[in-house]
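# sequence plus predicted model, see below.
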Amino acid sequence: MVETTQQSVEQRQPEPLGDWRCYFSFCVDHKVIGIQYLVTTFFFYLLGGALAMVIRAELMTPGAELDRSLYNGVFTIHATIMIFLWIIPTLAGFGNFLVPLMIGARDMAFPRLNALSFWMIPPGGLLLLSSFFVQSGAAGAGWTSYPPLSTQQVQVGDLLVTNFGQVIWIASVVFLGTSSILAALNFIVTIVAMRTEGMELFRMPLFCWATLTASCITLLGTPVLAGAVILLAFDLLLGTVFFNPTGGGDPVVYQHMFWFYSHPAVYIMVLPAMGIISEVLPVFSRKPIFGYKAIAISSMGIAVLGFLVWAHHMFTSGTPDWLRMFFMVTSFLIAVPTGIKVFSWLGTIWGGKLELSSAMLFAMGFVSMFVVGGLSGIMLASVPVDIHVHDTYFVVAHLHYVLFGGSVFAIYAGLYYWFPKMTGRLLNETWGKIHFALTFIGFNLCFLPMHQLGLQGMPRRVAEYAEQFQSLNVLVSIGGFLLGISTLPFLFNAIYSWLWGPKAPANPWRALTLEWTTASPPPVENFEYLPVVTAGPYEYGTVGSSPEGDTPTAISQPKS
Ligand code: HEM
Ligand SMILES: [Cu+2]
């Protein structure tokens, strides 16, 4: 697939990135920044997970054990962490580590801006957590923070006080949003301007396509979210009435602005995840990817359509019928480009020589679980069904199938796949499989029964529920605790292997994308010689790949 050459740059002396101290500094190397993102966001994932355990402990019994406003804070901060401090930034971490390597560049286009994007995350996260310690308590109106709930004063003892927890939530979301806008800008410029010789757009690995598309969505959508929550802050602090009907404002405008960002944002959270899957499946099927262009272009289709469906979250907000019809049809349509991807993945593994590594298991887990979430999405997109189950546990089931069964499974697939490249060490496969089995069982035990609870009418975001729902809730909680436990083998494996695992060769999976043509971990500036690309990235088992089985070493000699 590649040849390397001295033509484009003078030879540089590569050095290892060995010093652990650089991970705690304002380092501008994209690989260090990528790992900073991945490790930091994993800490937030553990925190968000701990809050989920609190929620599931509360819901073991129908009565409320916790103070109700504390419970509201717990599920609000849980969701905010998972979205803004785990899934979105961790995928940016993969992007940072991988995009320059995959397109044959020496770094991102704006390395300092890149370091700044990362260093906005820890203070943004700590700010969010600090809201548990202010007098008003943490924000409690859900991650959607709809007014008037979010703009009301809160009762503390006998006093009504301004909801500073909500103000902190807003500041934190604006901070984290700015970080993700800067990162998106960097990805777009890098992919457009920094590709190596021969790396045409349609020769790019699909992960780069996915990151490019998700970055465009981020750039267009996130400022609207910032606008919405800043207006909310004005209403809270300055007495404006943008969303207050008593002064002529309209709370539904907030919902429009919020979902104009937040529906596309679900694709910010799933397109790069799909990109990971498109890398992992062909390698472990030893087959070229099926429908390369269809997958790349369908991402663009999803990005465009994704901006035309937002009001499916507002079918019960007094939206007029003709508008509901419009948003129902566009929401159905979005299943088409999504389906194209799913069928392309199935076409890829069909008849392949499957190697069920941990990465592959998580990738196949992604495809199957994401389909379940997609199907419940289609059900919710249908107005009559949605009116029945809106704001019930059915929605909670749907969103976790797409975001946990989808994004998180893909993140794990990516971690198992690129760990050797990132650290120079191999993860233990047996522990990886134990991790997969526990995650898969815990996940389904936790989220499958929620469909039933929702259909029976159990509302979301409540600490108390009718007694008839208890047995299913106990099952869900057991699944949730199992899911919590399932993280332990991964943590143990990652820490142990990073320190003492067997050394990884440059290309342990015999993969063909450019990151595998350089050392594990790659040297500063990535490549000794910048590669020149002569073919697509997924030519596994085809004419032109070497008979020993697709080893890129045979085709990565310096150009003579
Ligand atoms: C076939 C594609 C999809 C369709 C048609 C669809 C449809 C819907 C609808 C109609 C709702 C609103 C339900 C309600 O509140 O009454 C919803 C909620 C949600 N969906 Fe999807 N969805 C799809 C895919 C996805 C994907 C890929 C993700 C994320 C990766 C996602 C994440 C969410 C989330 C987070 C919510 C809940 C938002 C909240 O907190 O209220 N969906 N979906
Ligand atoms: Cu949506």
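Thanks, I have the structure now. Everything quoted here is computed from the prediction, not taken from an experiment. Ligands and ions are numbered 1, 2, ... in the order given.

# which residue packs closest to Tyr416, ignoring adjacent ones?
The shortest distance from Tyr416 to any non-neighbouring residue, by Cβ to Cβ, 6 or more residues apart in numbering, is to Ala359 (3.9 Å). For glycine as for every other residue, the C-beta is placed from the backbone atoms N, C-alpha and C.

# Gly351 now?
Lys287 (7.4 Å).

# report the contact partners of the one you found.
Lys287 is in contact with 348-349, 351-353, 540-541, counting by Cβ atoms under 8 Å, 6 or more residues apart in numbering.

# in the chain, which residue sits nearest ligand 1?
At 2.7 Å from ligand 1, Gly377 is the closest residue in the chain, using Cβ to the nearest ligand atom.

# I figured that residue hits His398, correct?
Yes. Between Gly377 and His398 there is a contact at 5.9 Å, judged by Cβ atoms under 8 Å.

# most neighbours, which of the contacts of Lys287?
Within the contacts of Lys287, most neighbours by other Cβ atoms under 10 Å means Thr348, with 25 neighbours.

# doesn't that residue fall inside a helix?
Yes. According to DSSP: H, G, I helix; E, B strand; the rest coil, Thr348 belongs to a helix.

# and it, what does it touch?
So Thr348 contacts 281-282, 285, 287-290 (Cβ under 8 Å, 6+ apart).

# try it again with 6 Å
281-282, 285, 289-290 (Cβ atoms under 6 Å, 6 or more residues apart in numbering).

# now do Met360
For Met360, the contact set (Cβ under 6 Å, 6+ apart) comprises Phe284.

# now it: which helix or strand?
Counting by DSSP states H and E, the element that carries Met360 is helix 358-381.

# go on, Tyr71?
Element membership of Tyr71 [criterion: DSSP H and E] is helix 68-80.

# tally of neighbours for Thr246?
Neighbour count of Thr246, defined by other Cβ under 10 Å: 7.

# that one belongs to a helix?
Yes. Thr246: assigned to a helix according to three-state DSSP.

# the residue nearest to Tyr416 reaches Val280, doesn't it?
Yes. In this structure Ala359 lies within contact range of Val280 using Cβ atoms under 6 Å: 5.1 Å.

# so what sits against both of these two?
413, 417.

# show me which residues of the stretch 51-200 of the chain are close to ligand 1?
By the rule Cβ under 6 Å from any ligand atom, the part of the stretch 51-200 of the chain lying against ligand 1 is Thr144.

# what secondary structure does the residue nearest to Tyr37 when sequence neighbours are not counted sit in?
Nearest residue to Tyr37, sequence neighbours excluded (Cβ to Cβ, 6+ apart): Gly93, at 2.9 Å. Look at Gly93: counting by three-state DSSP, its state is helix.

# what's the distance between Gly93 and Gly34?
Computed as Cβ to Cβ, to the nearest Å, the Gly93 to Gly34 distance reads 5 Å.

# for Pro282, same thing?
Using Cβ to Cβ, Pro282 is found at 22 Å from Gly34.

# quick one, helices of the stretch 151-300 of the chain?
Assigned helices in the stretch 151-300 of the chain, in chain order: 164-193, 206-237, 251-285, 292-306 (criterion: DSSP state H, counting those that start in this stretch).

# now do the buried residues in the shortest one.
Judged by neighbour count (16 or more other Cβ atoms under 10 Å), helix 292-306 contains these buried residues: 292, 294-299, 301-303, 305-306.

# same question for the second one.
Neighbour counts using 16+ other Cβ under 10 Å place 206-218, 220-222, 224-226, 228-229, 231-236 of helix 206-237 among the buried residues.

# what about that helix, near ligand 1?
No. Using Cβ under 6 Å from any ligand atom, helix 206-237 stays clear of ligand 1, coming no nearer than 11.2 Å.

# now that helix, how far from the centre of its chain.
14 Å (Cα atoms, centre = their mean, to the nearest Å).

# tell me what angle it forms with helix 292-306.
10 degrees (axes from the mean of the first three to the mean of the last three Cα atoms, to 10 degrees).

# how far off helix 164-193 does helix 206-237 point, in degrees?
Using the same axes, to 10 degrees, helix 206-237 lies at 150 degrees relative to helix 164-193.

# what angle sits between helix 206-237 and helix 251-285?
Counting by the same axes, to 10 degrees, helix 206-237 points 160 degrees away from the direction of helix 251-285.

# next, Pro459: phi, psi?
Dihedral angles of Pro459 (phi, psi; degrees, to the nearest 10) stand at phi -70, psi 150.

# which residues touch it?
With contact set as Cβ under 6 Å, 6+ apart, Pro459 has these partners: 391-392.

# against Asp391, how distant is it?
In terms of Cβ to Cβ, Pro459 sits 6 Å off from Asp391.

# also Leu185?
36 Å.

# excluding its backbone neighbours, what's nearest Gly365?
Ranked by Cβ to Cβ, 6+ apart and with sequence neighbours excluded, the top spatial neighbour of Gly365 is Phe409, at 4.7 Å.

# OK, contacts around that neighbour?
Phe409 sits next to 362, 365-366 when contact means Cβ under 6 Å, 6+ apart.

# try 7 Å
Applying Cβ atoms under 7 Å, 6 or more residues apart in numbering to Phe409 gives the contacts 362, 365-366, 369.

# hey, which helix or strand in this protein has the poorest pLDDT?
Within the chain, no helix or strand scores below strand 2-5, which has a mean of 50 by mean pLDDT, DSSP states H and E.

# distance from the helix or strand following that strand to the middle of the chain?
Once strand 2-5 ends, the next helix or strand along the chain (criterion: DSSP H and E) is helix 30-58. A distance of 12 Å separates the centroid of the chain from that of helix 30-58, by Cα atoms, centre = their mean.

# could you do stretch 458-465 as well?
With Cα atoms, centre = their mean as the basis, stretch 458-465 stands 26 Å off its chain's centre.

# stretch 365-381 now?
Worked out by Cα atoms, centre = their mean, stretch 365-381 lies 16 Å from the chain centre.

# which of the residues in that stretch are buried?
For stretch 365-381, burial by neighbour count (16+ other Cβ under 10 Å) applies to 365-367, 369-374, 376-377, 380-381.

# among the contacts of Thr348, which ones are buried?
Buried members of those, scored by 16+ other Cβ under 10 Å, are 281-282, 285, 289-290.
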